[in-house]
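Have a look at this prediction, sequence included:
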Amino acid sequence: MRRKLAGIVMFFLFTMMVIPANAEVEEFYLGKSFYTVDEKISFTGSESNGSVLVNVVVKDPNGKAKLLGGFSDPEGEFETIPQSVKSIFTFVGTYNATSFINKIENGTSLLLEFDGDKVFEVSPFVLALKPIPDKIVEVEKTITFTATLTDSSVKDVIFSLDNEPTGAAIDPNTGKFIWTPSKSHGNIQDVYYNFDIIVKNGSQEDRKEITITVKQAYVEPEPKEIVCFQGMESINGKCEDKPVVENNQLEIASFVDETKDPQSYVDRYNNEANYKKWFDENFEEYDSIYQAVGLDEPKVLAPFVDPNLDPQYYVDRYNKETTYKKWFDETYPKITIFEAVGLDEPGMKEPDFGQCGEGTRLIGDVCTIFDEIEYGQCGEGTKLVGKVCEIIGKTIVKEKPWWQFW
C-alpha cells in the first residue's frame, strides 16, 4: 500500500515538472448544483493547455486545507477525482475552493456553503429583475421596453418569457421586449395579458409578472344613406333639420343595427369615452342615446325613494298625511309625488255628458232644438226640458232678473 501511494505522489510530482508555465484554469465549477453528505464530490472546469494535472484546494472556515486533483483531456476539460463529502466538509460554514495548475495565487476560486446536510456554491451576487410596471397599448401599435437587473454588474444572463401572448418576443441577451398586437388581440373589447419575464444566470433565476392591456379598437360604423324630407338638404351626413315623423318623434339613428339589442349601444355609451364622444358630436339632434336607439329613458327616482318598497306606499302617505305632504312639497317643489317615485301621473277623465241629437245643436252647455220639437230629438245623455235638451246630471244655474233680489 505504501509503495502504491509513493508511486502516485511521484507521478504527480513528475507531471507538475513538465506542466507548461503558462497553463491556467479558465473556468471552475462545482460538479453539480449540490452534494449531500452521503455523496462523493467533484469539481469540473477547463484550462488553457490540455492534458495537465489540475489541483483543487478546499479550505474550511479555520483555514485547514484538503487537496483534490484530476487530469484534463486534450481539449482542456477536467473533472477532479470524486471524494467523500464527509472527508472534506467536517462542520457547518463557508469553505473556499481554489483550482490551479502551477501556482495557487494564479488560481480560480469559488465559495461553498456546508449546512450539515449538503454542500452548494455561494453566488457572489443576487440575481434580481427591477420591477416592471404594467403597460397599455392599442391594436396594431408597437410596444417596447427593456427589462433590467438591480445589479447591473452581473453578466452572462439570459432573458426569456413565459405564457406570453402570440407574437411577443424578448432579446435573450439585452432584455429588450417588443410586441405589436393584432386586431385579434383586442378588437372587440379591452383584453388583459398576464405573463412572466424571466432572467437566468447559472442556477439562479428571477421572474417578474407583467400585465399588458390591449385597448379596444373602435371601428366607427359606416353611416347609412341619409334621406332627408322634402325641402331639407343633407349636410355632413345629416339633414339640416331634425327628421320629424308625424308623431313628432325622431327616427331611430342611422347607425343602429335593428338586429342588435338596443341596450348594447347604451352600455357602450356609458362605458366607452371614445364612443360617447363620437355619438355626442355626430348626433346632436337626439336628446340622449336612449332616444337615438328607440328606448325609453329610465326614470330617475328621488333620493328618498327605497327601490325595494312599492312606490304606491309613498303616494298613499302623500295623500293621507298632511305633514308628509307638506315636507314633500317644500323639498321637491318642481316635481310631483308620482314623478318622484317613478309612477305615471294618473290621467284626468273628462265627464261624459252626452252628445246633441239630430235636429239640435250645442249652444253653450246645452243642445238647442233648431225649431219645433217635431224636427229634432235629444241625443244620448240629454233630456228635453221645454224646447231645450239639457245634459243629464248637469246642474243648470238660472240667473235671476235684475229686479229680483230674493
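Yes, it's here.

Only C-alpha atoms from now on, for both contacts and neighbour counts.
Noted.

Retrieve the pLDDT associated with the closest residue to P311 other than its chain neighbours.
Spatial nearest neighbour of P311, chain neighbours left out: V341 (5.5 Å); criterion: C-alpha to C-alpha, 6 or more residues apart in numbering. For V341, the pLDDT comes out at 83.

so who does V341 touch?
301-302, 305, 311, 314 (C-alpha atoms under 8 Å, 6 or more residues apart in numbering).

so what's I197 bridging to?
As for beta bridges, I197 partners with L161, K208 under DSSP bridges.

Enumerate every residue touching it.
147, 159-162, 207-210.

hang on, the earlier thing: roughly how far apart are the residue nearest to P311 and L309?
10 Å (C-alpha to C-alpha, to the nearest Å).

Next: E47.
88 Å.

out of those two, which sits in the more crowded spot?
E47 (24 against 10; other C-alpha atoms under 10 Å).

so I158 touches P172, yeah?
Yes: if you go by C-alpha atoms under 8 Å, I158 and P172 touch, sitting 5.1 Å apart.

Identify the residue spatially nearest to K141, adjacent ones excluded.
Nearest to K141 is T180, by C-alpha to C-alpha, 6+ apart, at 5.6 Å.

contacting residues around that neighbour?
139-143, 167-168.

what about 10 Å?
137-144, 166-169, 214 (C-alpha atoms under 10 Å, 6 or more residues apart in numbering).

And K40, by the same measure?
K40 touches 81-88, counting by C-alpha under 10 Å, 6+ apart.

Without its sequence neighbours, what residue ends up closest to the most centrally placed residue in the chain?
With distances taken as C-alpha atoms, centre = their mean, Y192 lies nearest the centre of the chain, 5.3 Å away. The shortest distance from Y192 to any non-neighbouring residue, by C-alpha to C-alpha, 6+ apart, is to T213 (4.5 Å).

quick one: which helix or strand includes that neighbour?
strand 204-215 (DSSP states H and E).

then that strand to PDB, C-alphas only?
The C-alpha coordinates for strand 204-215 follow below in PDB (Å, rounded to 0.1, in the frame of the first residue of the first chain):
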ATOM      1  CA  GLN A 204     -30.000  31.400 -10.300                       C
ATOM      2  CA  GLU A 205     -33.300  32.600 -11.700                       C
ATOM      3  CA  ASP A 206     -35.700  35.500 -11.100                       C
ATOM      4  CA  ARG A 207     -39.100  36.400 -12.700                       C
ATOM      5  CA  LYS A 208     -41.500  39.300 -12.700                       C
ATOM      6  CA  GLU A 209     -45.100  39.200 -13.800                       C
ATOM      7  CA  ILE A 210     -46.400  42.000 -16.100                       C
ATOM      8  CA  THR A 211     -49.800  42.900 -17.400                       C
ATOM      9  CA  ILE A 212     -50.300  44.500 -20.800                       C
ATOM     10  CA  THR A 213     -53.700  45.800 -21.600                       C
ATOM     11  CA  VAL A 214     -54.700  45.900 -25.300                       C
ATOM     12  CA  LYS A 215     -57.200  48.700 -25.700                       C
END
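
tell me the average confidence for it?
pLDDT averaged over strand 204-215 gives 92.

Buried subset of the contacts of T180, written for ChimeraX?
To isolate the buried members of the contacts of T180 in ChimeraX, using 16 or more other C-alpha atoms under 10 Å:
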select :137,138,139,140,143,169,214
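
Which of the contacts of T180 fall in strands?
Counting by DSSP state E, the contacts of T180 place 137-138, 143-144, 169, 214 in strands.

Tell me the one of the residues you listed nearest S33?
For the ones in strands among the contacts of T180, the residue nearest S33 by C-alpha to C-alpha is A169; the value is 29.8 Å.

got the contact list for that closest one?
Here A169 is in contact with 144, 160-161, 175-180 (C-alpha under 10 Å, 6+ apart).

and it, what are its bridge partners?
What pairs with A169, by the bridge criterion (DSSP bridges), is I178.

Quick check: it vs I104, distance?
Taking C-alpha to C-alpha, one finds A169 at 45 Å from I104.

same thing with I198?
Taking C-alpha to C-alpha, one finds I198 at 37 Å from I104.

Looking at those two, which one has more neighbours?
I198 (21 against 14).

If you count contacts, what does the strand holding T213 end up packed against?
strand 135-138, strand 158-162, strand 191-201 (3 or more C-alpha pairs under 10 Å, 6 or more residues apart in numbering; DSSP states H and E).
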